[in-house]
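In: give me a model of this one.
(one chain, ligands or ions: 2)
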Amino acid sequence: MTENRKAPRQKILIVDDSELNRSILADMLGGDFDVIEASNGREAVELISLYGGKLSLVLLDIVMPQMDGFEVLAKMKEKKWIQDIPVIIISSENTSQFIERAYELGATDYIQRPFDTNVVRRRSLNTIMLYGKQKELKGLIEESVYRREREQSLMINILSHIIEFRDGDSGNHITNVRKVSEMLLNTLAKYNAKYLLPQYEISLIALASALHDIGKITLDADYLNKPEKLGKKELETVRAHSLRGAEMIKKLPYASNEPLVQRAYEICRWHHERWDGSGYPDGLTGDEIPVSAQVVGLADAYDTLTNKRVYKEAVPHSKAVEMILNGECGAFNPDLLEAFKSVAGTLQTNLRLSSLEDI
Ligand SMILES: [Fe+2]
Ligand SMILES: [Fe+2]
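Out: Numbering: from 1, shown residues only. Ligands and ions are numbered 1, 2, ... in the order given. Below is the predicted model:
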């Protein structure tokens, strides 16, 4: 037999300096709700801070000693509580300016004294129901957007890992390059405002970074896993992966205008370019290299250095940072190196944490 459990009663806060007014409201609403009371604005703020989202509604008087209702609303707005807790103003003031101010500060509804008890009860119930539905809907949308983003990102990571495994990698290279790129992009604008990017663009570049070496799928696995130093011809073949990856993306029969595809193209083609023009395949210099490819290039260099490959041993973190700053992996944008220096201290911890996540 299933036990029929009753849902916990919703909690509402009545704020009024008049004890009589509070008790009228409490009597009226006590049958439907758990009622708590405050006799002034300050007490109300303390209680709202204490109960937070557990409060379903605040009934608020305006003219009160110590802290008035407007100040309570302003505080709720400042602390962003007003987004989750509806407030109904109950007041005998009825000038339009007064009412307008309450709405501007985020009040949901306004009831003028003297009031009809049934109207207060109905409007309280309606407000709570509407807020509840809105919260539920917001939660559902957030959950579905979050899940879709994770799945898309997981899909890209799976495909990229398949290529990385051919390269004899542990499988963390893709996630590491992505994480380091994201950290660099979030820091770079501190050193030069021209690199300030919207968060959406940062996430896009970080996601597209997973495709940086897709051109390697066209290479013979023997080249990739050769422990000996590659000959000139072999090196040229391996280096062609950047151009091949870019060509593969360009030839995609769909979505060529999509920002993700465009960033992926830049990253594939130019992640081995260097600031002074010494990189490949096009020998671009400075900001001719898109910032997406500059950042992924540095992240790629760092992660390749710090991990063992079939042709080389792993270099410790501090040594890898030193080598990159000294230009031993080629020249990078000086602003990017500043950003790298500033995130270097937290890189290892962040990479360990991200490897514990699913993707
Ligand atoms: Fe590469
Ligand atoms: Fe790589």
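
In: for the stretch 1-150 of the chain, what lies in contact range of ligand 2?
Out: Within the stretch 1-150 of the chain, no position is adjacent to ligand 2 by CB under 5 Å from the ion. Where C-beta positions appear, they are placed from N, C-alpha and C, glycine not excepted.

In: which parts of the stretch 1-150 of the chain are strands?
Out: Along the stretch 1-150 of the chain, counting by DSSP state E, counting those that start in this stretch, strands occupy 11-15, 34-38, 55-60, 87-91, 109-112.

In: using CSV, write down the CA coordinates of the last one.
Out: Included here for strand 109-112 are C-alpha records, laid out as CSV according to Å, rounded to 0.1, in the frame of the first residue of the first chain:
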residue,chain,number,x,y,z
ASP,A,109,1.4,42.8,-7.2
TYR,A,110,-0.2,45.6,-5.2
ILE,A,111,-3.2,45.4,-2.9
GLN,A,112,-4.7,48.5,-1.4
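
In: ok, back up a step: would you turn the strands of the stretch 1-150 of the chain into CSV with mean pLDDT?
Out: Conversion of the strands of the stretch 1-150 of the chain to CSV gives the following (pLDDT from 0 to 100):
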stretch, mean pLDDT
strand 11-15, 95
strand 34-38, 95
strand 55-60, 95
strand 87-91, 93
strand 109-112, 92
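
In: report the distance from stretch 78-98 to the chain centre.
Out: 31 Å (CA atoms, centre = their mean, to the nearest Å).

In: what does stretch 177-197 give?
Out: With CA atoms, centre = their mean, you get 14 Å for stretch 177-197.

In: any residues touching that stretch, and which ones?
Out: Residues outside stretch 177-197 that contact it (CB atoms under 8 Å, 6 or more residues apart in numbering) are 202-203, 205-207, 209-210, 212, 291, 295-296, 298-300, 302-303, 335-336, 338-340, 342-343, 346-347, 350-351, 354.

In: let's see it at 7 Å
Out: 202, 205-206, 209-210, 212, 291, 295-296, 298-300, 302-303, 335-336, 338-340, 342-343, 347, 350-351, 354 (CB atoms under 7 Å, 6 or more residues apart in numbering).

In: the bottom helix or strand of this structure by mean pLDDT?
Out: helix 221-224 (a mean of 74; mean pLDDT, DSSP states H and E).

In: what packs against that one?
Out: helix 232-239 (3 or more CB pairs under 7 Å, 6 or more residues apart in numbering; DSSP states H and E).

In: what about the very next helix or strand once past the helix it packs on, distance to the chain center?
Out: Using DSSP states H and E, the helix or strand that directly follows helix 232-239 along the chain is helix 241-250. Remark: helix 241-250 is offset 30 Å from the chain centroid, using CA atoms, centre = their mean.

In: with stretch 211-221 instead?
Out: Worked out by CA atoms, centre = their mean, stretch 211-221 lies 30 Å from the chain centre.

In: in it, what counts as buried?
Out: Neighbour-count burial for stretch 211-221, counted by 16 or more other CB atoms under 10 Å, picks out Leu211, His212, Asp213, Ile214, Gly215, Lys216, Leu219.

In: just the endpoints, please. Distance across that stretch?
Out: 18 Å (CA to CA, to the nearest Å).

In: what comes into contact with it?
Out: In contact with stretch 211-221 (CB under 7 Å, 6+ apart) are residues 156, 160, 163, 166-167, 177, 224, 237-238, 241-245, 248, 264, 267-268, 271, 296, 300.

In: returning to that earlier point: now distance to Ser23 and mean neighbour count too, for the strands of the stretch 1-150 of the chain, in TSV please.
Out: Output for the strands of the stretch 1-150 of the chain, formatted as TSV (distance: least, CB to CB, whole Å; neighbours: other CB atoms under 10 Å):
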stretch	distance to Ser23	mean neighbour count
strand 11-15	9	24
strand 34-38	9	19
strand 55-60	13	25
strand 87-91	14	22
strand 109-112	17	16
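
In: just the element for the residue in the stretch 251-359 of the chain positioned nearest to ligand 2, please.
Out: Residue of the stretch 251-359 of the chain nearest ligand 2, by CB to the ion: Asp300 (4.3 Å). For Asp300, the host element (DSSP H and E) is helix 291-306.

In: done for today, thanks.
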